[in-house]
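1. here is my input, please return the structure:
(2 chains)
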Protein chains: 2
Amino acid sequence: MAHGPVLVTGGSGFVGQALLTAFAEADVEVHATYWPDQPATPLANTFWHRINLLEPGPVEALMRELVPERLVHLAWYVEHGRFWSAPENLDWVAASLHLLRAFAASGGRRVVITGTCAEYDWSVGGPLSESTSPLAPATVYGAAKDGLRRVAAAFAHQEGVELAWARLFFMYGPGEAPRRLVPSVIRALIAGEPVLTTEGAQVRDFLHIKDVGRALAALLDSSVVGPVNIASGKGIAMRELLAVIGQATGRGDLIRRGALPTPAGEPPSLVGDVRRLRGEVGLEPGIDLATGISQTVSWWRERAGSAEAG
Amino acid sequence: MAHGPVLVTGGSGFVGQALLTAFAEADVEVHATYWPDQPATPLANTFWHRINLLEPGPVEALMRELVPERLVHLAWYVEHGRFWSAPENLDWVAASLHLLRAFAASGGRRVVITGTCAEYDWSVGGPLSESTSPLAPATVYGAAKDGLRRVAAAFAHQEGVELAWARLFFMYGPGEAPRRLVPSVIRALIAGEPVLTTEGAQVRDFLHIKDVGRALAALLDSSVVGPVNIASGKGIAMRELLAVIGQATGRGDLIRRGALPTPAGEPPSLVGDVRRLRGEVGLEPGIDLATGISQTVSWWRERAGSAEAG
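-> I've put the predicted structure just below:
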């Protein structure tokens, strides 16, 4: 089945760069929005558009110009440490609905929007399933994504637009924002600084960003509608993840496990049920955690090296 | 407990007029927005503001001017026959979130927002309860209200703003838009025209608009948070409602019951569980259906008379 170009919002982000790389490898023509700064890395078949999605006018102009049949909407407010509770989440619900309306009005056919594992009720144990696990977001971020999905799904269904909702779990890999957990631990250990952590008994589901990009590209290419977990399906205790990073950097001795108290209300386990992702979307993760962490450490070592050289 | 002025959006609408009447009777100072036309009826203690809520700037200016502690947000897209599926529902989700954000930022303390019985799963029988009935809106309108509630509730909770969500059921009374069911039947019968109807076995819950206004005013004055059905708690088959109108107009002979087919998927019964409204908000409906319909027929007769005279 032949397709016109794909429109991707948030193309300059961590997930956006991975998705555009997957599209470039598959030789798909992509138009990607960014705001405010264009990514430095060139990507084959990618055309960039500087668009502030919080302003309505430019979105409609872009839809008129491109008339995209397919859309992946990644853009959101993601400021580290602030996004869980920021009032900007409300603006992004509005901007996302506006984008969807403009996309449907210009003849759009299929859209993938990114949701989050924070839509689920985190007090429930066991693998989180799209079809059976209850939704009960505990944060404004989770509630904003959950509320958006409900409105967007009803509108898309009515307008004959296929909507797939990609629930992202935890991600890691080259290019992640330096202040987030995995990069900050790697950078500290490379620099020879101690890392203070909790006991780290909590279990999380980490997927390499390259597999996240491949999963979103495959989801867009599929005819799957509704929510799909984008996850590895494998839980790892945070202390084990830290041990893997310790091993890859050769500085596990710097990790001070138990130096920090475990925050109250921290859910013991967040792991995605990936039967839909594997069975219906057809994605098998390609990168195991040890390889992925080792590669991510190398990526940060190169940057630490050039920073020292520069 | 002393309060500053109340801000009401959509003050010129059917529900808005009833709420402002209830506030006027209780001697509460109200600032009400309207768009585009100011209502002709003067109301004591009501100050009018011409505001298009779909534009962000004027909302913030109004909040700065009034610094309201309490807000009742009624405004929405309500074009008869179109509102169930209109894309404008998405704009009103956005406008409502923007309004709430501006209200919270200017120090707002308590807000009542109107939802709808269309948030419930209509395939479930029995009285619809806020605490136990499943939500599964079948329309874009219902999904927009449902999605808005979820985002708004999470944000309000975080910001320390009390949010009550008023799920409106079916309403009738003087001032209803002439093309809606009850007014169109009354007007036809008064004019001596035949009225073609379905079998009318479906049961609905009708509350007089004056009681709706009183209920919303009482809900604002209470400290109840979360969803509250605004309903009578009594179901009436549509054919019985039509018979009551026939009796009040003296032209029941013009009703051709069964002349129209019952639309597929019409839910057999939609009745609100009103235990929260009665027990926690403390509202007892004051107007029974026969009295309310009789009074509404008189109201339309006066207008039919002046139209003939005019």
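
2. enumerate the residues of chain A near chain B.
-> A:85, A:87, A:89-91, A:93-94, A:97-98, A:100-101, A:104-105, A:137, A:139-140, A:142-144, A:146-151, A:153-155, A:158 (CB under 8 Å from any CB of the partner chain). Just so you know, the C-beta spots here come from the backbone N, C-alpha and C atoms, and that holds for glycine as well.

3. filter those residues down to the buried ones.
-> A:87, A:89-91, A:93-94, A:97-98, A:100-101, A:104, A:137, A:139-140, A:142-144, A:146-151, A:153-155, A:158 (16 or more other CB atoms under 10 Å in any protein chain shown).

4. for the helix or strand encompassing residue A:213, packing partners?
-> Secondary-structure assignment from DSSP states H and E places residue A:213 in helix A:209-221. Using 3 or more CB pairs under 8 Å, 6 or more residues apart in numbering or on different chains; DSSP states H and E, the elements in contact with helix A:209-221 are helix A:14-25, strand A:70-73, strand A:110-116, strand A:162-168, strand A:170-172, strand A:226-230.

5. how far off centre is the least confident helix or strand in chain A by mean pLDDT?
-> Sorting the helices and strands of chain A by mean pLDDT, DSSP states H and E puts helix A:289-309 at the bottom, at a mean of 86. In this view, helix A:289-309 has its centroid 21 Å away from the chain centroid, taken as CA atoms, centre = their mean, to the nearest Å.

6. what does it rub up against?
-> A:172-176, A:182-183, A:186-187, A:190-191, A:206, A:208, A:210, A:232, A:234, A:236, A:241, A:244-245, A:248-249, A:287 (CB atoms under 8 Å, 6 or more residues apart in numbering or on different chains).

7. can you tell me which of the residues you listed are in helices?
-> A:182-183, A:186-187, A:190, A:210, A:241, A:244-245, A:248-249 (DSSP state H).

8. could I get the residues you listed as TSV with neighbour count and pLDDT?
-> Converted to TSV, the ones in helices among the contacts of helix A:289-309 look like this (neighbours: other CB atoms under 10 Å in any protein chain shown; pLDDT from 0 to 100):
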residue	neighbour count	pLDDT
A:182	21	97
A:183	19	97
A:186	25	98
A:187	19	97
A:190	17	97
A:210	21	97
A:241	21	98
A:244	19	98
A:245	24	98
A:248	21	98
A:249	23	98
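
9. wait, which of those residues is closest to residue B:78?
-> Of all these, the one sitting nearest residue B:78 is residue A:210; the distance, using CB to CB, is 48.6 Å.

10. quick one: the closest one and residue A:285 touch, right?
-> No. With contact defined as CB atoms under 8 Å, residue A:210 does not count as touching residue A:285 (9.4 Å).

11. out of the buried ones among the residues of chain A next to chain B, which are inside helices?
-> Checking those against DSSP H, those in helices are A:89-91, A:93-94, A:97-98, A:100-101, A:104, A:140, A:142-144, A:146-151, A:153-155, A:158.

12. dump stretch A:62-82 to PDB, restricted to CA.
-> Taking C-alpha atoms only, stretch A:62-82 is exported to PDB below (Å, rounded to 0.1, in the frame of the first residue of the first chain):
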ATOM      1  CA  LEU A  62       0.800  23.300   7.600                       C
ATOM      2  CA  MET A  63      -2.200  20.900   7.000                       C
ATOM      3  CA  ARG A  64      -3.200  22.900   3.900                       C
ATOM      4  CA  GLU A  65       0.400  22.700   2.600                       C
ATOM      5  CA  LEU A  66       1.100  19.000   3.200                       C
ATOM      6  CA  VAL A  67      -2.400  17.400   3.300                       C
ATOM      7  CA  PRO A  68      -0.900  14.500   5.200                       C
ATOM      8  CA  GLU A  69      -2.700  11.100   5.200                       C
ATOM      9  CA  ARG A  70      -0.800   9.900   8.300                       C
ATOM     10  CA  LEU A  71       0.300  11.700  11.500                       C
ATOM     11  CA  VAL A  72       2.400  10.800  14.500                       C
ATOM     12  CA  HIS A  73       1.800  13.300  17.300                       C
ATOM     13  CA  LEU A  74       4.600  13.200  19.800                       C
ATOM     14  CA  ALA A  75       4.900  16.800  20.900                       C
ATOM     15  CA  TRP A  76       4.000  17.600  24.500                       C
ATOM     16  CA  TYR A  77       5.400  19.500  27.500                       C
ATOM     17  CA  VAL A  78       8.200  17.400  28.800                       C
ATOM     18  CA  GLU A  79      10.300  19.700  31.100                       C
ATOM     19  CA  HIS A  80      12.100  17.300  33.400                       C
ATOM     20  CA  GLY A  81      10.800  17.400  37.000                       C
ATOM     21  CA  ARG A  82       7.900  19.700  36.000                       C
END
